[in-house]
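> Quick check, what structure comes out for this input:
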Amino acid sequence: MKLTKSERLELQRQASSRNGRADSARRARLILLLADGLTWAHIRDKLDCSDSYIARWSKRFAEDRLAGLFSRYAGRQRYKVTDRLEARVLAWTTKRKPADGSTHWSTRKLAAELGGDISHMTVARIWAKHGLKPHRLEGYIASNDPDFESKAADVIGLYLNPPQHAAVFCVDEKTAIQALDRKDPVLPLTPGRAERHGFEYYRHGTLSLYAAFNTQTGEVLGKTAQRHTSAEFVAFLADIVAHQPRGKEIHVIADNLSAHKTKRVEEFLSTHPNVRLHFTPTYSSWLNQVELWFAKIERDVIARGVFTSVADLKRKLMRYIRNYNKQAKPVKWKYFDPSRRITIESIVTAH
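Next comes the predicted model:
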């Protein structure tokens, strides 16, 4: 094989290039070795290639010279997911279970089950298009309260249109908060590594936290207690009354815990006619705004906290509440779908 001076220079440039493609450099070295008279056996050893590789590229160079060394791929027609195939994937995903006893499909299992030319990536794209995530699981519990509509409407009415010159509080208790102390030191957050806690810990006891969330201002009145009985609940109601102007109308939203419905509570309400209790429907804690605040204090203080004693736990909880109240914000509650179990006619404002 004979090369012109310009061809040899270009092939040498491609073969020694550090920024070009590796396959182009390999083909250039092949032609240079052939031009230098090396046998195919020597070229196979030097380039670690096959005879078919040498034959293909030497033939292309002989026909088109340098232009023949560029890769040419015929390509294939773009794969298109038809509506029929898409409907089939959706039907299998939502209406059938894998034959191997698995509880849900994976992209590869479904692609193998459907067969044909469909790939697991095609299944993944169809799932993504329609928001299907078979690997995800969410729990739910439906309220069996026969008075769900009226109770929920009462609570929502207090949020959206509260009575004038009245205070509305969401009240609940977060029970059995553990004062956990780590046996090993906490390794702090560093670049590229998360904060690490030791696996073993000391238990110093538990504490209950009562909280009253003011729906209009977002401020929280908090109190800790060793127990969560009716006596503690009544004492906390008395604290709420003490923090409001005398005679002001107070509406308290609470769940259906038995401690909220004892004779002691009834006696307190009879002696404080300005206080009214509103109970959420059963299994409907999501209607109580204080649960959102409990989730916040769980994330910010409790979940990763290190407490040397119950007193230390109490001190850190109350410190968080004081700092939170300096920049408290109410929950922006919106009820935009009255077609779901609560009709427009059933939404009322408490008086």
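
> all helices of the stretch 1-150 of the chain, in order?
5-16, 22-35, 40-47, 51-64, 83-95, 107-114, 120-130, 148-160 (DSSP state H, counting those that start in this stretch).

> Save those as TSV, and put in distance to Ile321 too.
(C-beta placed from N, C-alpha, C; glycine too.) Formatted as TSV, those follow (distance: least, Cβ to Cβ, whole Å):
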stretch	distance to Ile321
helix 5-16	71
helix 22-35	64
helix 40-47	74
helix 51-64	75
helix 83-95	46
helix 107-114	47
helix 120-130	43
helix 148-160	22
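
> any chance of these in CSV, with mean pLDDT, distance to Thr262 and mean neighbour count too?
Formatted as CSV, those follow (pLDDT from 0 to 100; distance: least, Cβ to Cβ, whole Å; neighbours: other Cβ atoms under 10 Å):
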stretch, mean pLDDT, distance to Thr262, mean neighbour count
helix 5-16, 87, 90, 14
helix 22-35, 87, 81, 18
helix 40-47, 86, 89, 14
helix 51-64, 87, 88, 14
helix 83-95, 93, 48, 13
helix 107-114, 93, 55, 17
helix 120-130, 93, 51, 16
helix 148-160, 87, 20, 19
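
> quick one: which of these is nearest Phe199?
helix 107-114 (34.7 Å; Cβ to Cβ).

> Taking helix 120-130 as reference, get the angle to that closest one.
Between helix 107-114 and helix 120-130, the angle comes out at 110 degrees (axes from the mean of the first three to the mean of the last three Cα atoms, to 10 degrees).

> Run through the neighbouring helices and strands of helix 107-114.
helix 83-95, helix 120-130 (3 or more Cβ pairs under 8 Å, 6 or more residues apart in numbering; DSSP states H and E).

> Any idea which of those helices gets closest to Lys329?
Nearest of those (Cβ to Cβ): helix 120-130, 35.3 Å.

> okay, the angle between that closest one and helix 83-95?
80 degrees.

> Okay, Lys5 and Gln12: tell me how far apart.
Look at Lys5 and Gln12: by Cβ to Cβ, to the nearest Å, they are 11 Å apart.

> Same check on Val171?
84 Å.

> Tell me which stretches of the stretch 251-351 of the chain form strands.
Along the stretch 251-351 of the chain, counting by DSSP state E, counting those that start in this stretch, strands occupy 275-279.

> what stretches of it score poorly on pLDDT?
334-351 (pLDDT under 70).

> want to throw the helices and strands packed on helix 107-114 into JSON lines with distance to Ile141?
Output for those, formatted as JSON lines (distance: least, Cβ to Cβ, whole Å):
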{"stretch": "helix 83-95", "distance to Ile141": "23"}
{"stretch": "helix 120-130", "distance to Ile141": "27"}
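
> out of these, nearest to Asp300?
Of the helices and strands packed on helix 107-114, nearest to Asp300 by Cβ to Cβ is helix 120-130, at 33.7 Å.

> Give me the contacts around that closest one.
Outside helix 120-130, the residues within contact range by Cβ atoms under 8 Å, 6 or more residues apart in numbering are 79, 81, 85-86, 89-90, 93, 106-108, 110-111, 114, 132-134.

> can you rerun that using 10 Å?
Contact with helix 120-130 is made by 79, 81, 85-90, 92-94, 105-114, 118-119, 132-135, as judged by Cβ atoms under 10 Å, 6 or more residues apart in numbering.

> can I get the CA coordinates of it in PDB?
Extracted in PDB, the C-alpha atoms of helix 120-130 (Å, rounded to 0.1, in the frame of the first residue of the first chain):
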ATOM      1  CA  HIS A 120     -37.000  -2.300  30.000                       C
ATOM      2  CA  MET A 121     -36.100   1.400  29.200                       C
ATOM      3  CA  THR A 122     -39.300   1.600  27.100                       C
ATOM      4  CA  VAL A 123     -41.300   0.400  30.100                       C
ATOM      5  CA  ALA A 124     -39.500   3.000  32.300                       C
ATOM      6  CA  ARG A 125     -40.300   5.800  29.900                       C
ATOM      7  CA  ILE A 126     -44.000   4.800  29.700                       C
ATOM      8  CA  TRP A 127     -44.200   4.600  33.500                       C
ATOM      9  CA  ALA A 128     -42.500   8.100  33.800                       C
ATOM     10  CA  LYS A 129     -44.900   9.500  31.300                       C
ATOM     11  CA  HIS A 130     -48.000   8.400  33.300                       C
END
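
> What sits closest to Lys183 if chain neighbours are left out?
Glu200 (4.4 Å; Cβ to Cβ, 6 or more residues apart in numbering).

> ok, now how distant is the one you found from Leu69?
From Glu200 to Leu69 the distance is 66 Å (Cβ to Cβ).

> Ala166 too?
86 Å.

> Over to Phe169?
Taking Cβ to Cβ, one finds Phe169 at 80 Å from Leu69.

> Which of those two has more residues huddled nearby?
Phe169 (26 against 19; other Cβ atoms under 10 Å).

> quick one: strands adjacent to the helix or strand where that one lies?
Here Phe169, judged by DSSP states H and E, is contained in strand 166-182. Strand 166-182 pairs in its sheet with strand 201-214 (antiparallel), strand 249-254 (parallel), by DSSP bridges.

> doesn't Thr282 make contact with Ile141?
Yes: at 9.4 Å, Ile141 counts as touching Thr282 under the criterion of Cβ atoms under 10 Å.
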